[in-house]
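In: my questions are about this predicted structure, shown below with the sequence.
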Amino acid sequence: MAFQFHEEKSAPTREKRSGAISHYHGTLSSLISDAAGEEIPQRVRTFTQAARDDILSAFAVLRGIRDTAIVVHGAAGCAAASIALAEAHGARWYSVNLSERDSILGGETPLRETIRRAIGEGAAAVFIVGTPVVAINNDDVSAVSRELSDETSVPILHVNTDGFRSKSPLTGCDIAFHALLRLVEEPGGGEECGEARGDFLNLLAVNENARNLAAVAAMLEALGVAWNFLPRFSSPAHIRKAGRARATMSLNRDESEYFGLGLEAAFGVPYPQLPAPIGLESTRRFIAGVGGIFAATDAANVYARQQEDALRDVLAARPLAGKRVFLQVDTAQAEGFSALVRDLGGEVAGVALGSVDLNNRAHLARLEAAGEIPALVAAGQPFEVANALARTGADYYVGPEQVAFAARFGARPVSLHDALYYGFEGIRAFAGALSGAAPGFHERARETYRENWLKKNGAWHVKREVR
């Protein structure tokens, strides 16, 4: 697609941009087959539990940017997610706190007051995040942001989310990055952080924790490569200089590819398709890719050999020998985790992915599994995951922070929340996490879902869309 972000009000939905699907329940081979054509057949759910929407995904992109303010243009409850998402200690949060009257007649006056307060309290940039309320009352948020930007000389950017335009929560990441692209300066502008053009790498990170980013930074430091983490743990100054980087790489391409593609199209910053550094092979490719970009191939090869030698004891121990692992991860990271399971002697018993589209389908083809395994696209649908997990008899479940339910189906749960799994250091840490995982309890399975639910086919409520 053409990235005319200065002219377009917002990013297109993931469905429109890359044919994303958010609902699927079948096998890995059938999913690969469905994704092989020019478009992926859409499916709908007749029953759903709770899933992140585009607003929460936009929050995740913006929350870690220091010296900024997130103004949530809606009722007070629309900003409640800030409590859970504020652990990044980046942006300050404000709610316009629209009343019932504002929701009907318009809330531009309290919006102006909130923005002025945020700027008065030191915000170097302001992001106005839309909500369903504003999608109904038709406030001209873009006009307000332009007016106050001119008045205050502070960048005020409209993040045009509404919570229901897309089934894919990743649309919110795209919309937030669409706004961030407006902060990027043309090459040759500003030298706030000191580097000349081309002397550093943009490294895109949205939900990565500090331990994983530190592991990646250590690898880059070993190669003598300077980095610019965006947007996690960044500031407006770091975003402004992104157009002067030698290249841009994503740690999770599913979340951040819009920004990488936008920098490449609008500012000429290369965006190579390198894997997330998870597992031995993907970490090798990541290091080799960085070495090639910065003319440090020899140093990259020496470093990789040294690190692999240091891991021989872990790999030789094969802690997953004879074990089967169910993975709940993003599609862009599934290839690396699948290989990591094999590195440690195990096999993948099933996968639950958040979203699949035409841009990330290549990762599916590289997922290696013994025999036919279940594959789900089911973000925010724990019943579907629990149903598949109960049928696989997996020994381990690897997934996000809410993993305790897996123990009730006989699988040892390994949470990825705040866990280290990037780079060579991450291989050792992940192997250690396996040994610390608590055993499951088959006899308590019925406490999570009733027996008649567990007997159902997990796809009973997922229907192929008829056009």
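Out: Thanks, I have the structure now. Being a predicted model, the structure only gives us computed values, none of them experimental.

In: is it true that residue 67 touches residue 236?
Out: Yes - counting by Cβ atoms under 8 Å, residue 236 is a contact partner of residue 67 at 6.3 Å. C-betas here are computed from N, CA, C, even on glycine.

In: okay, the two: which has more neighbours?
Out: residue 236 (20 against 15; other Cβ atoms under 10 Å).

In: just the CA trace of the helix or strand hosting residue 176, in PDB.
Out: Taking DSSP states H and E as the definition, one finds residue 176 inside helix 170-180. Listed next in PDB are the C-alpha coordinates belonging to helix 170-180 (Å, rounded to 0.1, in the frame of the first residue of the first chain):
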ATOM      1  CA  LEU A 170      -3.900  -4.900  15.600                       C
ATOM      2  CA  THR A 171      -5.700  -2.200  13.600                       C
ATOM      3  CA  GLY A 172      -5.200   0.000  16.700                       C
ATOM      4  CA  CYS A 173      -1.400  -0.500  16.500                       C
ATOM      5  CA  ASP A 174      -1.500   0.700  12.900                       C
ATOM      6  CA  ILE A 175      -3.700   3.700  13.700                       C
ATOM      7  CA  ALA A 176      -1.300   4.700  16.600                       C
ATOM      8  CA  PHE A 177       1.800   4.300  14.300                       C
ATOM      9  CA  HIS A 178       0.000   6.300  11.600                       C
ATOM     10  CA  ALA A 179      -0.100   9.200  14.100                       C
ATOM     11  CA  LEU A 180       3.600   8.600  15.200                       C
END
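
In: ok, residues contacting it?
Out: Residues from elsewhere that reach helix 170-180, judged by Cβ atoms under 8 Å, 6 or more residues apart in numbering: 5, 8, 10-15, 17, 20, 53-62, 127, 157-161, 165, 206, 230-231, 239, 254-256, 258-259, 262, 354-355.

In: could I get the average pLDDT for it?
Out: Per-residue confidence for helix 170-180 averages out to 96 on the pLDDT scale.

In: list the buried ones in that helix?
Out: Using 16 or more other Cβ atoms under 10 Å as the burial criterion, the residues of helix 170-180 that qualify are 170, 171, 172, 173, 174, 175, 176, 177, 178, 179, 180.

In: also stretch 373-392?
Out: Applying a neighbour-count criterion of 16+ other Cβ under 10 Å, the buried positions in stretch 373-392 are 373-379, 381-390, 392.

In: what distance separates the start and the end of that stretch?
Out: As for stretch 373-392, its first-to-last residue distance stands at 8 Å under the measure Cα to Cα, to the nearest Å.

In: I'd like the numbering to begin with 46 instead of 1 from here.
Out: Shifting the count to begin at 46 puts that one at stretch 418-437.

In: run the chain-centre distance for it.
Out: When distances are taken as Cα atoms, centre = their mean, to the nearest Å, stretch 418-437 is centred 20 Å away from the chain's centroid.

In: can you check stretch 448-465 too?
Out: For stretch 448-465, the distance to the chain centre is 20 Å (Cα atoms, centre = their mean).

In: please spell out which residues along it are buried.
Out: By neighbour count on 16+ other Cβ under 10 Å, the buried set for stretch 448-465 is 448, 450-461, 464-465.

In: ok, stretch 272-284 next?
Out: Of the residues in stretch 272-284, those buried under the neighbour-count criterion (16+ other Cβ under 10 Å) are 272, 273, 274, 275, 276, 277, 278, 279, 280, 281, 283, 284.

In: send the alpha carbons of stretch 286-302 over as CSV?
Out: Only the C-alpha atoms of stretch 286-302 are listed here, as CSV (Å, rounded to 0.1, in the frame of the first residue of the first chain):
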residue,chain,number,x,y,z
LYS,A,286,15.1,11.0,14.4
ALA,A,287,13.7,7.6,13.2
GLY,A,288,13.9,8.8,9.5
ARG,A,289,17.7,9.0,9.8
ALA,A,290,18.3,5.4,10.8
ARG,A,291,20.4,2.9,8.7
ALA,A,292,17.5,0.5,8.9
THR,A,293,14.4,-0.5,10.9
MET,A,294,13.7,-3.9,12.4
SER,A,295,10.7,-5.2,14.3
LEU,A,296,10.8,-7.5,17.3
ASN,A,297,7.2,-8.4,16.7
ARG,A,298,6.3,-7.6,13.1
ASP,A,299,2.6,-8.3,13.7
GLU,A,300,2.4,-5.2,16.0
SER,A,301,4.8,-2.8,14.4
GLU,A,302,5.1,-3.4,10.7
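
In: what mean pLDDT does that stretch get?
Out: This predicted structure assigns stretch 286-302 an average pLDDT of 96.

In: next one: stretch 477-496
Out: Per-residue pLDDT values over stretch 477-496 give a mean of 63.

In: for stretch 356-363, same thing?
Out: Summarised as a single mean, pLDDT over stretch 356-363 is 96.

In: give me the contacts around it.
Out: Residues from elsewhere that reach stretch 356-363 (Cβ under 8 Å, 6+ apart): 325, 388, 389, 390, 469, 472, 473, 476.

In: residues near residue 232, how many?
Out: Burial of residue 232 is recorded as 14 neighbouring residues (other Cβ under 10 Å).

In: so this structure: which segments form each domain?
Out: The domain map for the chain lists 93-228, 245-353, 356-509, with the assignment taken from automatic domain parsing.

In: which of these has the lowest average pLDDT?
Out: Comparing these by mean pLDDT, the weakest confidence falls on domain 356-509, with a mean of 85.

In: chain center to it: distance?
Out: Per Cα atoms, centre = their mean, the centroid offset for domain 356-509 relative to its chain is 17 Å.

In: same check on stretch 204-218?
Out: Its chain's average C-alpha position is 14 Å from that of stretch 204-218, according to Cα atoms, centre = their mean.

In: next, count neighbours for residue 86.
Out: The burial metric for residue 86, expressed as a neighbour count using other Cβ under 10 Å, is 13.

In: mind listing what the residue positioned nearest the centre of the chain touches?
Out: Centroid-nearest residue in the chain: residue 300, 3.7 Å away (criterion: Cα atoms, centre = their mean). When contacts are counted by Cβ under 8 Å, 6+ apart, residue 300 is found next to 102, 105, 106, 215, 218, 249, 251, 252, 375, 377.
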